[in-house]
Structures are given as structure tokens and as C-alpha cells.
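Chemist: just the structure for this:
(2 chains)
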Protein chains: 2
Amino acid sequence: MDEREVIKEVMRIVGQERCLDDCAVIPFRGGCIVATTDMLHESADFPAGMSEWQIGWMSVAVTLSDIAGMGAAPAAVMLAVGLDAWERITGIMSGAKECCDRFGAELVGGDIDHHDELTLVSSGLGVVAPENLVRRRGAQVGDLICITGVPGRAQAALEGYRQYEEYLFEPVPRVTEGQILAGAGVTSMMDISDGLALSLYDMLEANTCGYRIRLADIPLLDDVPPAEARDLALYGGGDFELLFTCPPDRLNIDGAGYCVIGTVIKERSVLIDDRVLERRGYQHQW
Amino acid sequence: MDEREVIKEVMRIVGQERCLDDCAVIPFRGGCIVATTDMLHESADFPAGMSEWQIGWMSVAVTLSDIAGMGAAPAAVMLAVGLDAWERITGIMSGAKECCDRFGAELVGGDIDHHDELTLVSSGLGVVAPENLVRRRGAQVGDLICITGVPGRAQAALEGYRQYEEYLFEPVPRVTEGQILAGAGVTSMMDISDGLALSLYDMLEANTCGYRIRLADIPLLDDVPPAEARDLALYGGGDFELLFTCPPDRLNIDGAGYCVIGTVIKERSVLIDDRVLERRGYQHQW
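Modeler: Predicted coordinates for the structure are as follows:
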């Protein structure tokens, strides 16, 4: 059994619908709650050099990024912490608390445990008006494909470009942007933490259309050799940017800092400059 | 730094109020959502002999038990699974799903990861009418102290009394009982997964009164030597029963299967038969 088969197995047991979005959607009293959980652990997710404060910050940020991807406002975060050394708690909780405070979420609870490997699981709740909820599904042929920020920065830091270290160590979830975009009527959205290419394939899976992006339109890191910058943008992981689709007539959206990188097409493929985009990223590889 | 200091440190950073109850309380649109998260991992929490199905079941049950302790109805559960072997996913997700189905919760999402040690974090949401919400705080002098079920069964199984293995491997959270008790007007409540003695001390911390229990009134396992049965009942961990306080005039509650074991007193102590109850349990010890 490999990772793909695991996901299929989970879909079979809990239902495919439950696995398509950045968050689960829970209708409640005429409102809409979104909920998400993320497991991070030291060997896979915390690069050497991260402080405890940054580890705590990042653990909350991943969850807030999922909430942002639905167009929701963060409300509450819980943090389960498996500590390999008790002393690490102060920095971790401080970073987690500060990330919550910064984006308007309350750190409402958690669980403390001992674990051989530092392991953090943050679970978050967000709220959104039902009419503003955005999912991965919803793209229409003719919509423009857009992305916030410049993709590849977190991966660039991992590859040694230290000028991008803050994007790797203290990622900023696009919480404000997500809500602005949702309010402006974008048709589908997700965060690109697994990389732009894989995220486009995730979009493909959730929709009945296809995606064509143009390399020349993708914002690239300008202090990295061009071929590498292209690879980082397409396949680099760890960015907290938002990928979304939007009808051309709704495109003038202030305050979200995005670029148009392509068009939603009828053909069920992900294309870059009319060739099929390689389906790869910096996915978990064991 | 030891475990107590860790908890103090967490309280300092997130606020003591956030650490007193089985769940966090989140008011939403005139209703009340409770939320909780629990980390379990193989070496500490899954005794040898448990099947994957039972591991999945238990991981959800701990969270539903916290929700029951607030008098709430389970609504949604998320499960983050760090797998040491992909193959374990089928049993784990099936057990988790079945526990959700049994108690009316939806398994709405989760996260799959690879981890050296099997690690599960379940996060749950429950709903309760604000007037039915029960916390650890709220006991009044003169209230009776009550407990559902027979304490010590899970620990007995751990000590080799195999006739109690189902209580250890497939614990039944007191979801129905919690809601009945809350509706009947109990004044405070929590689950006793850390053991009866430690739970009474947790109650002490959350209230301004004290607790006196009578050994003769505690239901004991009748197929275990009496001294051992007493120890298991007071200090054994892993039970999914509810401890609650109730004014004597509200005590006729059908459908919750409980015993009166003592009285809420003014003196700020936990007493058993007028001696101070030892503050110990099968707490995490590293």
C-alpha cells in the first residue's frame, strides 16, 4: 500500500466528499463552520534551525491557511502537543498564541503529551457566511486561474536561499486575502502548500474542467537562476499562498495581491503552455 | 521542568480558564459549541493486543467522552493519523467511523501522515443548549457526588483481569448519560479518564468547595480481591465514566446508571471516610 492507496482507502471509508476541500464544512444554525486538522512532526516538517516559537507559529499557520482557503474567518484553534522535552512548551505555546492573536483566532484548548518525536496537531474552526463559502469545486470554463504572492519561496529557503527563510519559518497564512476573494465571488479556491502543480491536479480532481497555465505569467523569484525559479514555482512545497479561479468580469479585486496565471479549459488536463504539466511536488516520500 | 510545570506554563500563556474543562466552549449564533482534542500514541496509549479497529474506536471514544462530560451531543470528529505502516489505515479508519456512527457524530475530515510511532489525534465538536452546558465548575456545598458505572475496569484489564478487556479496548463514552444528566440539572461534571482520585482533585481545582466520598458507597469490582478493587476504583485510569455533582432534590434521574458516592463539603479538601484522599493516579509518568 502506498500513500495514494491510503487516501483512496480513507475516501472509501469516510466518503470522497469529505476529502476534497481544505476544510470540512459543518452547517450550524444557519451559519457555516469550517474545520480542519493538521499533523506536523519534527523530522518531516520542522527544518533544522527553526526555533520553538517558529514551530508553534507554523503549526497554527497551516491550519489558518486551510481556513483561508475556504474564504472563512478563523475563530478557534486547539493544539495537541507531543513533547520530546518539557522545556520546549514555552516557545511553542507562545508562537502558537501569537499566530492566533495575529489572525483573530482564539487558542481555546489542547492536549499535552510526551512523545519520542516532537509532534503537533493543530485543529481549527472558522466561520463564513454560507453564500461566501468557497470550495475546490466550482471552477467554470473560461474562468481565470490566479495565485496570490510568488510561489516557490518556502522551497527556495529549503534549498539554501536564506533570503527566503522567513517564508519557510514564519509563514503568513492568507487569511485576509481569502476572505476578500470569497466576498468578491471567486468560484473555487485552495491553498498551495503541496506546490502549485499538485494543487492544480487537486483542483482537477474536484472539478469537471481542466486547467491551462502560462509559464510567462507565473511570478518567479528573481534572484534565483531562471530554470530553478521555474521549478521552485511549479513544484516547490510549503508556500501559504492561495490558488483560485475567477470569472474575468469579477477580476478587479483590491487588497489580495494576486496574478492571473492561466485559464480554466474544457479539456480534462493540467497544461502549461499547451503541454501536460508534470504531476509532481515535494509530497511526503517514504 | 516536570508535567505539572508544563501545565502551569500552558495556563500562563493561554489562560487558566482555557484549561479547566473537558472541552473548550465556543458560543456561536446563540448556540454553544464545545471542542476538544486528544493525542494518543502507541507506546503510551494502545496496550499490546489492541486491534487497529479498536485503536480507531478508542481514539474517537476519548474525544466523545470529553464532549459527554460537558453534557453536549457529539456533532463532528476529525482524525489526524500518523501511520508507522500504511496498511494500518483500514482498520483504524473503520473503527473510528463506527464509533462516530454509533454516537451520532460525523467523521468530517482529518490528516494522514507518516510517523515513526503510530500517533492519532482526534478533535471533536459537540453542541449543547447554553442552559444545559455543564462544566467542572459549579458544585455547591450539599450537592451529592455521583459516578456512572463501576470505576477501575479499564485498569483491571491492564492488570491482567481479562474479563474487563472490552472496557480497555472498546470503551463506551457516556454520551447519552451526559446529555441526560445535563438536562436533569447536575451542577458540575467531567469524565474520569485519569482516575477517580485525580478527577476529584481536578474538580477541587475548578471549584471553591471540597469533596468527601465514602469508600463503602463506591461500586467495586466484585471478582477482584477487595483491597485491589478499592485501589483500582480510586486510582485506576482509562475509565470512560462520568463524575458529577447534583443537588439532592434533583437526584431521581432515569437512564444514567449512577451511584451516589459522597457529598460536596465546604472544607477545601478531597476526603475519603474523613481522611485526605491520596492524590495519585496512573497519570503519565516519564
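Chemist: show me where pLDDT drops low in the stretch 151-286 of chain A?
Modeler: Scanning the stretch 151-286 of chain A for pLDDT under 70 picks out the ranges A:282-286.
Chemist: measure A:Glu228 to A:Asp194 for me?
Modeler: For A:Glu228, the distance to A:Asp194 equals 19 Å [CB to CB, to the nearest Å]. Quick note: C-beta positions are derived from backbone N, CA and C, even for glycine.
Chemist: comparing these two, which residue is more hemmed in?
Modeler: Set side by side, A:Glu228 and A:Asp194 show more neighbours around A:Asp194, with 20 against 17, by other CB atoms under 10 Å in any protein chain shown.
Chemist: which secondary structure state does A:Leu107 sit in?
Modeler: The assignment at A:Leu107 comes out as strand when based on DSSP: H, G, I helix; E, B strand; the rest coil.
Chemist: and the longest helix along chain A, what's its mean pLDDT?
Modeler: If you go by DSSP state H, chain A has its longest helix at helix A:52-68. Average pLDDT, helix A:52-68: 98.
Chemist: helices or strands up against the helix or strand following that helix?
Modeler: The helix or strand immediately downstream of helix A:52-68 is strand A:73-83, counting by DSSP states H and E. Judged by 3 or more CB pairs under 8 Å, 6 or more residues apart in numbering or on different chains; DSSP states H and E, strand A:73-83 is in contact with helix A:52-68, helix A:89-102, strand A:106-114, strand A:119-128, helix A:175-183, strand B:24-28, strand B:31-41, strand B:119-128.
Chemist: ok, and does the longest one reach over to chain B?
Modeler: No. Under the criterion of CB under 8 Å from any CB of the partner chain, chain B is not reached by helix A:52-68; the shortest gap measures 9.6 Å.
Chemist: what packs against that helix?
Modeler: strand A:31-41, strand A:73-83, helix A:89-102, strand A:119-128, helix A:175-183, strand A:188-191.
Chemist: now for these, which one comes closest to A:Leu20?
Modeler: A:Leu20 sits nearest to strand A:188-191 of all the helices and strands packed on helix A:52-68, at 9.5 Å, using CB to CB.
Chemist: so what are the sheet partners of the closest one and their directions?
Modeler: In the sheet, strand A:188-191 lines up against strand A:242-246 (antiparallel) (DSSP bridges).
Chemist: could you export the partner strand as PDB, CA atoms only?
Modeler: Extracted as PDB, the C-alpha positions of strand A:242-246 are listed here (Å, rounded to 0.1, in the frame of the first residue of the first chain):
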ATOM      1  CA  LEU A 242      -3.900  30.800  -2.400                       C
ATOM      2  CA  LEU A 243      -4.800  29.400  -5.800                       C
ATOM      3  CA  PHE A 244      -8.200  30.400  -7.100                       C
ATOM      4  CA  THR A 245     -10.400  30.700 -10.100                       C
ATOM      5  CA  CYS A 246     -12.500  33.800 -11.000                       C
END
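Chemist: right, and the helix or strand after that strand?
Modeler: Next along the chain after strand A:242-246, taking DSSP H and E as the criterion, comes strand A:258-265.
Chemist: now that following strand and strand A:242-246, what's the angle there?
Modeler: With axes from the mean of the first three to the mean of the last three CA atoms, to 10 degrees applied, the angle from strand A:258-265 to strand A:242-246 works out at 60 degrees.
Chemist: and strand A:258-265, what other elements does it pack with?
Modeler: Looks like strand A:258-265 contacts strand A:144-148, strand A:210-213, strand A:242-246 (3+ CB pairs under 8 Å, 6+ apart).
Chemist: can you put those in TSV and add distance to B:Val141 and mean neighbour count?
Modeler: Below are these laid out as TSV (distance: least, CB to CB, whole Å; neighbours: other CB atoms under 10 Å in any protein chain shown):
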stretch	distance to B:Val141	mean neighbour count
strand A:144-148	58	23
strand A:210-213	67	22
strand A:242-246	55	27
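Chemist: okay if I get those as TSV plus distance to B:Leu107?
Modeler: Converted to TSV, the helices and strands packed on strand A:258-265 look like this (distance: least, CB to CB, whole Å):
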stretch	distance to B:Leu107
strand A:144-148	31
strand A:210-213	30
strand A:242-246	27
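Chemist: figure out which of these is closest to A:Phe103.
Modeler: Closest approach to A:Phe103 among the helices and strands packed on strand A:258-265 is made by strand A:242-246 (14.3 Å; CB to CB).
Chemist: follow-up on the earlier one: for A:Val121, which of the helices and strands packed on strand A:258-265 is the nearest?
Modeler: With CB to CB, the closest approach to A:Val121 among those belongs to strand A:242-246: 23.0 Å.
Chemist: okay, angle between that closest one and helix A:175-183 too, please.
Modeler: Using the same axes, to 10 degrees: strand A:242-246 against helix A:175-183 is 20 degrees.
Chemist: which residues touch strand A:242-246?
Modeler: With CB atoms under 8 Å, 6 or more residues apart in numbering or on different chains as the test, strand A:242-246 has contacts from A:68-69, A:134, A:138-140, A:143-148, A:174, A:177-178, A:181, A:184-192, A:196, A:199-200, A:203, A:253, A:258, A:264.
Chemist: how far off centre is that strand?
Modeler: Distance, stretch centre to chain centre, for strand A:242-246: 12 Å (CA atoms, centre = their mean, to the nearest Å).
Chemist: before we move on, back to that, I'd like the helices and strands packed on strand A:73-83 laid out as a markdown table, including mean neighbour count and distance to B:Met50.
Modeler: Below are the helices and strands packed on strand A:73-83 laid out as a markdown table (neighbours: other CB atoms under 10 Å in any protein chain shown; distance: least, CB to CB, whole Å):
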| stretch | mean neighbour count | distance to B:Met50 |
| --- | --- | --- |
| helix A:52-68 | 27 | 28 |
| helix A:89-102 | 21 | 29 |
| strand A:106-114 | 23 | 18 |
| strand A:119-128 | 29 | 20 |
| helix A:175-183 | 22 | 40 |
| strand B:24-28 | 18 | 29 |
| strand B:31-41 | 24 | 11 |
| strand B:119-128 | 29 | 12 |
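Chemist: of these, which is nearest A:Pro247?
Modeler: The closest of those to A:Pro247 is helix A:175-183. By CB to CB, the value is 12.5 Å.
Chemist: the residue lying closest to A:Leu220 once chain neighbours are set aside and A:Tyr164, how far apart?
Modeler: Leaving aside its sequence neighbours, A:Leu220 sits nearest to A:Ala229 (CB to CB, 6 or more residues apart in numbering or on different chains; 4.1 Å). Applying CB to CB, the value for A:Ala229 to A:Tyr164 is 11 Å.
Chemist: overlap in contacts of those two?
Modeler: By CB under 8 Å, 6+ apart, A:Ala229 and A:Tyr164 have these common neighbours: A:Leu221.
Chemist: my guess is A:Pro151 meets A:Leu196, correct?
Modeler: Yes. If you go by CB atoms under 8 Å, A:Pro151 and A:Leu196 touch, sitting 5.0 Å apart.
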